[in-house]
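Trainee: Attaching a predicted model along with its sequence, questions to come.
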Amino acid sequence: MEDYPGTVAEFEARFSTEEACRKYLVQIRWPDGFRCPKCGGTKATVVRETLFQCCRCRHQTSVTAGTVFQDIRKPLIMWFRAMWYVTSQKNGASALGIQRALGLGSYQTAWTWLHKLRRAMVRPGRDKLSGWVEVDETYFGGLEEGKAGRGGVDKALIVIAAEADGQAIGRIRMRVIEDASADSLLGFVKDCIEPGSTIHTDGWPGYAGLQSSGYDHEVTPIRGRPKNASKFLPRVHRVASLLKRWLLGTHQGAISHRHLPYYLDEFTFRFNRRKSRSRGKLFYRLIEQALATAPEPYRVIAGHAENTPPTETQSVGVS
């Protein structure tokens, strides 16, 4: 049974101690009781407050081991507050915003926390899109003179799939791809959309193999009519527009190529749960997924020496 606070007052009352936060993690990670990550054993003794020892193989573990929370230096209370803040902000949270909200002394800490949480925003084994799905690409980056459309260079190429929900938009998926080749586009489709679904695209030849890959393929040629693209593929173009607005409004468009995929994951997480009536449920989902996400140290996330502060060089503008 899903259990989460419904209001900020309930949140503050429930998670006011480290013990309460830890018990909540145990409840979510092991809803049917302890499970040893090494041998699958179901019985354990408590060695100390935060450490369990499996009665079968004697392996010692904690509820945070192997998760986003592994080796954290700040109290769980602060992490819970950060996650509540992130999920309660309708338009997303910036590192500066979370630094101010939590009173963190370091921008680097806030930046790292957000990137750790973004890695938890993709649920392992999530269901694929199905039914009628629009697929198209969009570019992020400054326009270059003499270059346009799929021929542009030095820009990040994003492929977007938007599921139809009547006339509205259902769930979405996004991915940064190297190019608009058949290998890149079909790989994305196979990973994100159920076979047998109807996929609606423009006439780009990179989509030509969809029919032979087990999909119904509907094509609306747009070449020579670029201004009509949003009319023929309205859902995916609406998503692209909202994404650009979000990146500009929340992050001022300063997103590095290296980290762009994780911002797409955050946007997808928020978009697919936009109709949720409870912010508490989003908080619950993020906790749940954080416990299923392997840890990554700062130096891996930032991609440079551990003592170098994060920067957004090679930033991607929004075109």
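Mentor: Done, it's in. Numbering: from 1, shown residues only.
Trainee: centroid residue for the chain?
Mentor: residue 265 (2.5 Å; Cα atoms, centre = their mean).
Trainee: Would you double-check that that residue falls in a strand?
Mentor: No: applying DSSP: H, G, I helix; E, B strand; the rest coil, one finds residue 265 to be helix, outside a strand.
Trainee: which one is it nearest to, not counting chain neighbours?
Mentor: Spatially, and ignoring its direct neighbours in sequence, residue 265 is nearest to residue 121 (4.7 Å; Cβ to Cβ, 6 or more residues apart in numbering). Heads up, the C-betas are built off the backbone N, CA and C, glycines and all.
Trainee: where along the protein do the helices fall?
Mentor: Under the criterion DSSP state H, helices of the chain are mapped to 8-14, 18-29, 76-88, 95-102, 107-118, 182-192, 229-232, 234-251, 260-272, 279-290, 298-302.
Trainee: closest to residue 222 out of those?
Mentor: helix 229-232 (5.1 Å; Cβ to Cβ).
Trainee: for that closest one, what is the average pLDDT?
Mentor: Taken as a whole, helix 229-232 has a mean pLDDT of 79.
Trainee: what's next to it, contact-wise?
Mentor: 136, 202, 220, 222, 237-238 (Cβ atoms under 8 Å, 6 or more residues apart in numbering).
Trainee: if we go to 7 Å?
Mentor: Outside helix 229-232, the residues that touch it by Cβ atoms under 7 Å, 6 or more residues apart in numbering are 220, 222, 237.
Trainee: how many neighbours does the residue nearest to residue 265 have?
Mentor: 22 (other Cβ atoms under 10 Å).
Trainee: Quick one: residues contacting it.
Mentor: 265-266, 269, 289.
Trainee: Identify the residues contacting the residue nearest to the centre of the chain.
Mentor: Here residue 265 is in contact with 118, 121-122 (Cβ under 7 Å, 6+ apart).
Trainee: what about residue 169, how many residues close to it?
Mentor: 20.
Trainee: For residue 286, see how far away the residue nearest to the centre of the chain is.
Mentor: 12 Å (Cβ to Cβ, to the nearest Å).
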